[in-house]
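**Student:** Have a look at this prediction, sequence included:
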Amino acid sequence: MSNQPLHPVAIAPSLLAADFARLADECADVARGGADFLHVDVMDGHFVPNLTLGAPIVASLAKAASLPLDCHLMVEEPDHLLEDFAKAGAKWLSVHVEACRHLHRTIQRIRALGMRPGVALNPHTPFAAIEPILPDVDFVLVMSVNPGFGGQTFIPHTLEKVRAIDAWRRNHASALAIQIDGGMTTATIGQARQAGVDWFVAGSAVFGQADRGAAIADLRRAAG
(Lines give C-alpha, C1' and ligand atoms only; values in the text may rest on other atoms or scores of the structure.)
Protein backbone atom coordinates (compact mmCIF):
# COMPACT_ATOMS: atom_id res chain seq x y z
CA MET A 1 0.00 0.00 0.00
CA SER A 2 1.55 3.31 -1.15
CA ASN A 3 2.09 6.10 1.34
CA GLN A 4 1.93 8.78 -1.34
CA PRO A 5 -0.78 11.44 -0.75
CA LEU A 6 -3.97 10.81 -2.69
CA HIS A 7 -4.89 14.46 -3.29
CA PRO A 8 -2.98 17.73 -3.75
CA VAL A 9 -2.67 20.07 -0.77
CA ALA A 10 -5.61 22.48 -0.46
CA ILE A 11 -5.54 25.47 1.88
CA ALA A 12 -8.91 26.70 3.15
CA PRO A 13 -8.75 29.89 5.21
CA SER A 14 -11.33 29.88 8.00
CA LEU A 15 -13.53 32.95 7.98
CA LEU A 16 -13.92 32.59 11.75
CA ALA A 17 -10.57 34.40 12.01
CA ALA A 18 -11.40 37.08 9.43
CA ASP A 19 -12.54 40.65 10.06
CA PHE A 20 -16.32 40.27 9.98
CA ALA A 21 -16.75 43.97 9.19
CA ARG A 22 -14.95 43.46 5.86
CA LEU A 23 -15.73 39.88 4.88
CA ALA A 24 -15.91 40.49 1.13
CA ASP A 25 -12.50 42.20 1.18
CA GLU A 26 -11.06 39.42 3.35
CA CYS A 27 -12.32 36.77 0.91
CA ALA A 28 -10.80 38.64 -2.03
CA ASP A 29 -7.49 39.02 -0.21
CA VAL A 30 -7.02 35.28 0.42
CA ALA A 31 -8.24 34.46 -3.09
CA ARG A 32 -5.48 36.67 -4.48
CA GLY A 33 -3.10 34.99 -2.05
CA GLY A 34 -3.70 31.55 -3.53
CA ALA A 35 -6.31 29.95 -1.23
CA ASP A 36 -8.18 27.00 -2.72
CA PHE A 37 -11.55 27.52 -1.03
CA LEU A 38 -13.11 29.23 1.98
CA HIS A 39 -14.10 27.47 5.20
CA VAL A 40 -17.24 28.77 6.91
CA ASP A 41 -17.82 27.75 10.54
CA VAL A 42 -21.52 27.73 11.40
CA MET A 43 -22.13 27.56 15.17
CA ASP A 44 -25.43 27.62 17.02
CA GLY A 45 -24.38 28.29 20.61
CA HIS A 46 -25.72 24.86 21.65
CA PHE A 47 -23.64 22.16 19.97
CA VAL A 48 -20.62 24.39 20.59
CA PRO A 49 -20.29 27.33 23.01
CA ASN A 50 -20.24 30.04 20.37
CA LEU A 51 -22.61 31.72 17.90
CA THR A 52 -21.41 32.73 14.44
CA LEU A 53 -23.18 33.18 11.12
CA GLY A 54 -25.95 31.54 9.14
CA ALA A 55 -27.25 30.96 5.63
CA PRO A 56 -28.09 34.61 4.80
CA ILE A 57 -24.45 35.65 5.25
CA VAL A 58 -23.30 32.60 3.28
CA ALA A 59 -25.63 33.66 0.46
CA SER A 60 -24.03 37.13 0.47
CA LEU A 61 -20.55 35.61 0.50
CA ALA A 62 -21.40 33.30 -2.41
CA LYS A 63 -22.22 36.37 -4.50
CA ALA A 64 -19.15 38.32 -3.43
CA ALA A 65 -16.44 35.64 -3.19
CA SER A 66 -14.64 34.06 -6.12
CA LEU A 67 -13.74 30.91 -4.17
CA PRO A 68 -16.12 28.03 -3.40
CA LEU A 69 -17.57 27.82 0.09
CA ASP A 70 -17.04 24.88 2.44
CA CYS A 71 -19.62 25.11 5.23
CA HIS A 72 -19.08 23.24 8.49
CA LEU A 73 -22.28 22.89 10.51
CA MET A 74 -21.46 22.78 14.22
CA VAL A 75 -25.12 22.73 15.17
CA GLU A 76 -27.67 20.52 16.85
CA GLU A 77 -30.23 18.94 14.53
CA PRO A 78 -28.64 20.18 11.29
CA ASP A 79 -31.29 18.65 9.02
CA HIS A 80 -33.56 21.68 9.08
CA LEU A 81 -30.70 23.89 7.78
CA LEU A 82 -29.57 21.80 4.81
CA GLU A 83 -31.86 23.32 2.20
CA ASP A 84 -31.04 26.85 3.37
CA PHE A 85 -27.32 26.29 2.85
CA ALA A 86 -27.85 24.65 -0.52
CA LYS A 87 -29.85 27.68 -1.65
CA ALA A 88 -27.20 29.98 -0.17
CA GLY A 89 -24.53 28.49 -2.42
CA ALA A 90 -22.48 26.11 -0.27
CA LYS A 91 -20.42 23.70 -2.37
CA TRP A 92 -19.28 21.42 0.44
CA LEU A 93 -21.30 20.79 3.59
CA SER A 94 -20.15 18.81 6.61
CA VAL A 95 -22.24 17.72 9.58
CA HIS A 96 -21.09 16.20 12.86
CA VAL A 97 -21.58 12.52 13.56
CA GLU A 98 -22.23 13.53 17.18
CA ALA A 99 -25.17 15.78 16.16
CA CYS A 100 -27.06 13.56 13.69
CA ARG A 101 -29.71 11.05 14.78
CA HIS A 102 -29.96 9.57 11.27
CA LEU A 103 -26.59 10.33 9.72
CA HIS A 104 -27.07 8.31 6.52
CA ARG A 105 -30.35 10.09 5.76
CA THR A 106 -28.73 13.48 6.41
CA ILE A 107 -25.80 12.70 4.10
CA GLN A 108 -28.17 11.51 1.36
CA ARG A 109 -30.15 14.74 1.67
CA ILE A 110 -27.00 16.90 1.38
CA ARG A 111 -26.06 15.15 -1.87
CA ALA A 112 -29.61 15.32 -3.22
CA LEU A 113 -29.53 19.09 -2.66
CA GLY A 114 -26.50 19.35 -4.94
CA MET A 115 -23.76 19.76 -2.34
CA ARG A 116 -20.77 17.52 -1.64
CA PRO A 117 -21.36 15.86 1.74
CA GLY A 118 -18.83 15.43 4.51
CA VAL A 119 -18.84 14.04 8.02
CA ALA A 120 -17.03 15.79 10.87
CA LEU A 121 -15.90 14.34 14.19
CA ASN A 122 -14.67 15.87 17.41
CA PRO A 123 -11.28 15.05 18.97
CA HIS A 124 -12.76 12.53 21.44
CA THR A 125 -14.86 10.69 18.83
CA PRO A 126 -13.27 7.45 17.58
CA PHE A 127 -12.77 6.41 13.98
CA ALA A 128 -15.27 3.57 14.47
CA ALA A 129 -18.09 6.11 14.84
CA ILE A 130 -17.75 7.23 11.21
CA GLU A 131 -16.53 4.09 9.48
CA PRO A 132 -20.03 2.94 8.38
CA ILE A 133 -20.74 6.25 6.62
CA LEU A 134 -17.42 6.58 4.76
CA PRO A 135 -18.66 5.00 1.50
CA ASP A 136 -21.37 7.68 1.32
CA VAL A 137 -19.37 10.88 1.91
CA ASP A 138 -16.91 12.83 -0.21
CA PHE A 139 -14.73 13.97 2.68
CA VAL A 140 -14.09 13.62 6.39
CA LEU A 141 -13.36 16.62 8.61
CA VAL A 142 -11.17 15.70 11.57
CA MET A 143 -11.33 18.30 14.32
CA SER A 144 -7.86 18.67 15.80
CA VAL A 145 -9.09 21.07 18.48
CA ASN A 146 -12.33 21.13 20.46
CA PRO A 147 -14.80 22.99 18.23
CA GLY A 148 -16.22 26.36 19.07
CA PHE A 149 -13.33 28.84 19.03
CA GLY A 150 -10.38 29.72 16.83
CA GLY A 151 -6.77 30.04 17.89
CA GLN A 152 -6.58 26.81 19.89
CA THR A 153 -3.60 24.47 20.23
CA PHE A 154 -3.37 21.43 17.96
CA ILE A 155 -4.17 18.07 19.61
CA PRO A 156 -1.56 15.59 18.23
CA HIS A 157 -3.43 12.35 18.97
CA THR A 158 -6.12 13.31 16.44
CA LEU A 159 -3.65 12.23 13.75
CA GLU A 160 -4.24 8.62 14.78
CA LYS A 161 -7.73 8.97 13.32
CA VAL A 162 -6.36 10.57 10.18
CA ARG A 163 -4.10 7.54 9.69
CA ALA A 164 -7.05 5.18 10.21
CA ILE A 165 -9.17 7.07 7.66
CA ASP A 166 -6.27 7.13 5.19
CA ALA A 167 -5.80 3.37 5.59
CA TRP A 168 -9.53 2.79 5.05
CA ARG A 169 -9.66 4.78 1.82
CA ARG A 170 -6.59 3.05 0.43
CA ASN A 171 -7.97 -0.38 1.31
CA HIS A 172 -11.26 0.49 -0.38
CA ALA A 173 -9.77 2.33 -3.39
CA SER A 174 -11.77 5.38 -2.33
CA ALA A 175 -11.29 8.97 -3.53
CA LEU A 176 -12.36 10.22 -0.09
CA ALA A 177 -10.63 13.46 0.93
CA ILE A 178 -9.40 14.10 4.48
CA GLN A 179 -9.73 17.58 5.94
CA ILE A 180 -8.33 18.84 9.25
CA ASP A 181 -9.35 21.88 11.27
CA GLY A 182 -7.64 23.25 14.35
CA GLY A 183 -4.20 24.54 15.25
CA MET A 184 -2.81 24.36 11.72
CA THR A 185 0.46 26.32 11.47
CA THR A 186 3.73 25.87 9.62
CA ALA A 187 4.87 23.84 12.66
CA THR A 188 1.97 21.34 12.55
CA ILE A 189 0.85 21.11 8.94
CA GLY A 190 3.72 18.85 7.84
CA GLN A 191 2.91 16.06 10.29
CA ALA A 192 -0.77 16.30 9.37
CA ARG A 193 0.11 15.94 5.69
CA GLN A 194 2.31 12.93 6.41
CA ALA A 195 -0.59 11.31 8.27
CA GLY A 196 -2.78 11.65 5.18
CA VAL A 197 -4.54 15.03 5.31
CA ASP A 198 -5.41 16.67 1.99
CA TRP A 199 -7.36 19.81 2.91
CA PHE A 200 -6.13 22.16 5.62
CA VAL A 201 -8.35 24.68 7.38
CA ALA A 202 -6.26 27.56 8.73
CA GLY A 203 -7.65 30.55 10.59
CA SER A 204 -5.24 32.78 12.46
CA ALA A 205 -2.31 31.29 10.52
CA VAL A 206 -3.72 33.11 7.47
CA PHE A 207 -5.99 35.93 8.60
CA GLY A 208 -3.73 36.77 11.53
CA GLN A 209 -0.89 37.63 9.13
CA ALA A 210 -0.39 40.94 7.32
CA ASP A 211 0.58 39.22 4.04
CA ARG A 212 -2.03 36.52 3.44
CA GLY A 213 -0.40 35.34 0.21
CA ALA A 214 2.91 34.73 1.96
CA ALA A 215 1.13 32.98 4.82
CA ILE A 216 -0.67 30.61 2.44
CA ALA A 217 2.54 29.94 0.50
CA ASP A 218 4.38 29.19 3.76
CA LEU A 219 1.69 26.72 4.81
CA ARG A 220 1.73 24.99 1.43
CA ARG A 221 5.52 24.77 1.53
CA ALA A 222 5.53 23.39 5.08
CA ALA A 223 2.96 20.75 4.10
CA GLY A 224 5.49 19.38 1.65
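**Tutor:** Yep, it's here.

**Student:** Check which helix or strand Ala222 maps to.
**Tutor:** helix 212-223 (DSSP states H and E).

**Student:** Counting by contacts, list what that helix packs against.
**Tutor:** strand 10-13, helix 23-32, helix 189-195, strand 199-202, helix 204-207 (3 or more C-beta pairs under 8 Å, 6 or more residues apart in numbering; DSSP states H and E). Backbone N, C-alpha and C define where each C-beta goes, glycine included.

**Student:** Now the second one: average pLDDT?
**Tutor:** On average, the pLDDT along helix 23-32 is 97.

**Student:** by contact count, what packs against it?
**Tutor:** Against helix 23-32 (3+ C-beta pairs under 8 Å, 6+ apart) you get helix 55-64, helix 204-207, helix 212-223.

**Student:** ok so, going back, so for the helix holding Ala222, what gets flagged as buried?
**Tutor:** Neighbour-count burial for helix 212-223 flags 212-213, 215-216, 218-220, 222-223 (criterion: 16 or more other C-beta atoms under 10 Å).

**Student:** Equivalent analysis for stretch 120-127, please.
**Tutor:** So for stretch 120-127, counting by 16+ other C-beta under 10 Å, buried means 120-122, 125, 127.

**Student:** And that stretch, how far out from the chain middle?
**Tutor:** 14 Å (C-alpha atoms, centre = their mean, to the nearest Å).

**Student:** ok, residues contacting it?
**Tutor:** With C-beta atoms under 8 Å, 6 or more residues apart in numbering as the test, stretch 120-127 has contacts from 72, 74, 94-98, 129-130, 140-147, 155, 157-158, 160-161, 164-165, 168.

**Student:** mind running it again at 7 Å?
**Tutor:** Stretch 120-127 is contacted from outside by 72, 94-98, 129-130, 141-144, 146-147, 155, 158, 161, 164-165, using C-beta atoms under 7 Å, 6 or more residues apart in numbering.

**Student:** So which of those residues sit within helices?
**Tutor:** 161, 164-165 (DSSP state H).

**Student:** that older thread, which of the contacts of stretch 120-127 are buried, as a ChimeraX select command?
**Tutor:** Those of the contacts of stretch 120-127 that count as buried under 16+ other C-beta under 10 Å are selected in ChimeraX with:
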select :72,94,95,96,97,98,130,141,142,143,144,147,158,161,164,165
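
**Student:** quick one: which of the contacts of stretch 120-127 sit in strands?
**Tutor:** 72, 94-96, 141-143 (DSSP state E).
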